[in-house]
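*Asks:* Just the structure for this:
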Amino acid sequence: MNEMGVRARRAAKALALATSAQKNAALNAMASALRAQTETILAANSEDIAAMKAGGQSEAYLDRGTLTAERVEDIAKALESIAKLNDPVGSEIASWQRPNGLQIARVRTPLGVIGVIYESRPNVTADAGALCLKAGNAVVLRGGSDTIRSNMAIHAALQSGLEAANLPKDAIQFVPVTDRAAVGEMLKGLGGNLDVIVPRGGKSLVARVQDEARVPVFAHLEGLVHLFVDRAADLDKALDIVVNSKMRRTGICGSLETLLVDSAVASSHLPAIVAALQEKGCEIRGDAQVAELCTNIVPVTQEDWSTEYLDKILAVKVVDGLDAAIAHIDRYSSCHTDCIISEDQQAADKFLAEVDSAIVLHNASTQFADGGEFGMGAEIGIATGRMHARGPVGVEQLTSFKYQVKGTGQTRP
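*Replies:* Sure thing, here's the model as predicted:
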């Protein structure tokens, strides 16, 4: 593991000087390699899925780990979209001139070597590798044991793309073992060679990383996503958005987990919304007011308000207005993504201003909580902390900066 860190540091120095053309050529070559190796990747994935089924994994977990030809094509397209992004390295964030004539510029630089620790989703292997490359960083990837065969097959395509562009293969390395001790070595910093760690996974993984890491961490906590149907919500709009937010893909971090409905429209809006969700196979866990208005409701428990289901289960609560909704979110939110449905702009503005999550939406599905949908090409994940990176972590968030100061002979008195 420490040797991987040494090789990554060496590669990072080369990447920091690589041209945009070189990096883009590598990304496009990776996309081509993924397409060419689709059958190999899908064969590896089928072995992973078979093992996951034998291990009794949930339907949502299986969905996160499953690859299809269409999903591989989407991964390839994401790499091509990253290639089309502006190269952040060397770009000027701000500049100014001092009265003494000094020219000062704040310029983006790579972070260096990034460690990414993630679970179950093989697309993260490509997304993380490509984003780090575009931002001039070397990366050490440690994927989940459930999809290790898929991850290694995707990684092989990434490395062939690096070779095609004459960039060091060590720029994107993958830990080829499932031993958890490898994670421990990454948390120690690989002999001082890791500059930052990005965890992407469940509570236990993120908690371990935050507790044990000896290098800075971009926290990616669970997506305990809320949606509030305000008293000024349009019913048809609310129906479409709520169902899409929950049921489009239940296993992603932007999937809705708690629905809050204003008591003023509970009787007019809630039955139709609940019926539409149940028709799609969603189990509704509701409070007493929900049970009075709707049928086939499972009694909600206190634990449900703080549970990320990643499944066809939704907690539903009737609240007395906007302030009560915000108070509930303040108490239970993971600061990931929260949404309001309302035709009252003043209420929407209050929600957007007061809800302190990385992503807040008005009249749009929470499933848009995604770097690709934000125009970032892809993302490593959604950062829920408040330092450096917040929200989708794309190429710009994977850079730091330095100050370039140019003078004409000035000395300080």
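*Asks:* quick one: Val206 is in a helix?
*Replies:* Yes. Val206 sits within a helix when classified using DSSP: H, G, I helix; E, B strand; the rest coil.
*Asks:* And it, how close does it get to Gln97?
*Replies:* 44 Å (C-beta to C-beta, to the nearest Å). From N, CA and C alone the C-beta is placed, and that goes for glycine too.
*Asks:* ok, these two, which is more surrounded?
*Replies:* Counted by other C-beta atoms under 10 Å, Val206 and Gln97 do not tie: Val206 has more neighbours, with 19 against 10.
*Asks:* where's the more buried one relative to Gly281, distance?
*Replies:* Distance from Val206 to Gly281, by C-beta to C-beta: 29 Å.
*Asks:* Same question for Leu133.
*Replies:* For Leu133, the distance to Gly281 - C-beta to C-beta - is 40 Å.
*Asks:* okay, those two: which has more neighbours?
*Replies:* Legend: neighbour count by other C-beta under 10 Å for Leu133 and Gly281, higher for Leu133 (31 against 9).
*Asks:* The more buried one and Asn24 touch, don't they?
*Replies:* No. Counting by C-beta atoms under 8 Å, Leu133 does not reach Asn24; the two are 9.7 Å apart.
*Asks:* Spit out the residues that contact those two alike.
*Replies:* Common contact partners of Leu133 and Asn24 (C-beta atoms under 8 Å, 6 or more residues apart in numbering): none.
*Asks:* what about Val298, neighbour count?
*Replies:* Using other C-beta under 10 Å as the criterion, Val298 is surrounded by 14 other residues.
*Asks:* Can you pull the phi and psi angles for the nearest residue to it once chain neighbours are set aside?
*Replies:* Excluding the flanking residues, the one nearest Val298 by C-beta to C-beta, 6 or more residues apart in numbering is Arg285, at 4.7 Å. Note on Arg285: its backbone torsions stand at phi -110, psi 110 [degrees, to the nearest 10].
*Asks:* do you know how far Arg285 is from Leu314?
*Replies:* From Arg285 to Leu314 the distance is 7 Å (C-beta to C-beta).
*Asks:* Comparing those two, which shows the higher neighbour count?
*Replies:* The neighbour comparison of Arg285 against Leu314 (other C-beta under 10 Å) goes to Leu314, with 28 against 21.
*Asks:* Next up, the contacts around that one.
*Replies:* 246, 256-259, 277, 282-285.
*Asks:* What residues of the one helix or strand in the chain whose mean pLDDT sits lowest count as buried?
*Replies:* Every helix and strand in the chain was compared by mean pLDDT, DSSP states H and E; the lowest is helix 203-212, with a mean of 83. Going by neighbour count (16 or more other C-beta atoms under 10 Å), the buried part of helix 203-212 is 205-206, 208-209.
*Asks:* ok, now stretch 61-79?
*Replies:* 61-67, 71-72, 75-79.
*Asks:* next one: stretch 365-377
*Replies:* 365-372, 376-377.
*Asks:* residues near the nearest residue to Ser334 once chain neighbours are set aside, how many?
*Replies:* Residue nearest to Ser334 in three dimensions, not counting chain neighbours: Leu224, with 4.0 Å by C-beta to C-beta, 6+ apart. Around Leu224 there are 24 other residues, counting by other C-beta under 10 Å.
*Asks:* ditto for Ala16
*Replies:* Considering only other C-beta under 10 Å, Ala16 is surrounded by 15 other residues.
*Asks:* I'd like the distance between Gly5 and Gly115.
*Replies:* Taking C-beta to C-beta, one finds Gly5 at 9 Å from Gly115.
*Asks:* go on, Tyr309?
*Replies:* Applying C-beta to C-beta to Tyr309 and Gly115 gives a distance of 29 Å.
*Asks:* which of these two has more neighbours?
*Replies:* Each of Tyr309 and Gly115 has its neighbours counted (other C-beta under 10 Å); Gly115 has more, 31 against 22.
*Asks:* Which phi and psi values does the more buried one adopt?
*Replies:* phi -100, psi 130.
*Asks:* Contact partners for it?
*Replies:* Per C-beta under 8 Å, 6+ apart, neighbours of Gly115: 139-140, 142, 186, 190, 194, 196-198, 215.
*Asks:* between those, which is closest to Arg108?
*Replies:* Val196 (15.2 Å; C-beta to C-beta).
*Asks:* Count the neighbours of the closest one for me.
*Replies:* 21.
*Asks:* for it, what are its contacts?
*Replies:* Listed by C-beta under 8 Å, 6+ apart, the contact partners of Val196 are 111-112, 114-115, 215-218.
*Asks:* again with Ala233
*Replies:* Contacts of Ala233 (C-beta under 8 Å, 6+ apart): 262, 265, 269, 341-343.
*Asks:* between those residues, which is nearest Ala327?
*Replies:* Asp262 (13.3 Å).
*Asks:* Quickly note the distance from that closest one to Arg180.
*Replies:* Applying C-beta to C-beta to Asp262 and Arg180 gives a distance of 46 Å.
*Asks:* do the same with Leu227
*Replies:* Leu227 is 36 Å from Arg180, by C-beta to C-beta.
*Asks:* what about the helices in the chain?
*Replies:* 2-16, 20-36, 38-54, 59-65, 69-84, 123-134, 148-164, 181-188, 203-212, 235-247, 266-279, 288-293, 322-332, 345-354 (DSSP state H).
*Asks:* want to throw the ones you listed into a markdown table with distance to Gly385?
*Replies:* Converted to a markdown table, these look like this (distance: least, C-beta to C-beta, whole Å):
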| stretch | distance to Gly385 |
| --- | --- |
| helix 2-16 | 23 |
| helix 20-36 | 27 |
| helix 38-54 | 30 |
| helix 59-65 | 23 |
| helix 69-84 | 23 |
| helix 123-134 | 18 |
| helix 148-164 | 26 |
| helix 181-188 | 17 |
| helix 203-212 | 9 |
| helix 235-247 | 24 |
| helix 266-279 | 32 |
| helix 288-293 | 33 |
| helix 322-332 | 17 |
| helix 345-354 | 19 |
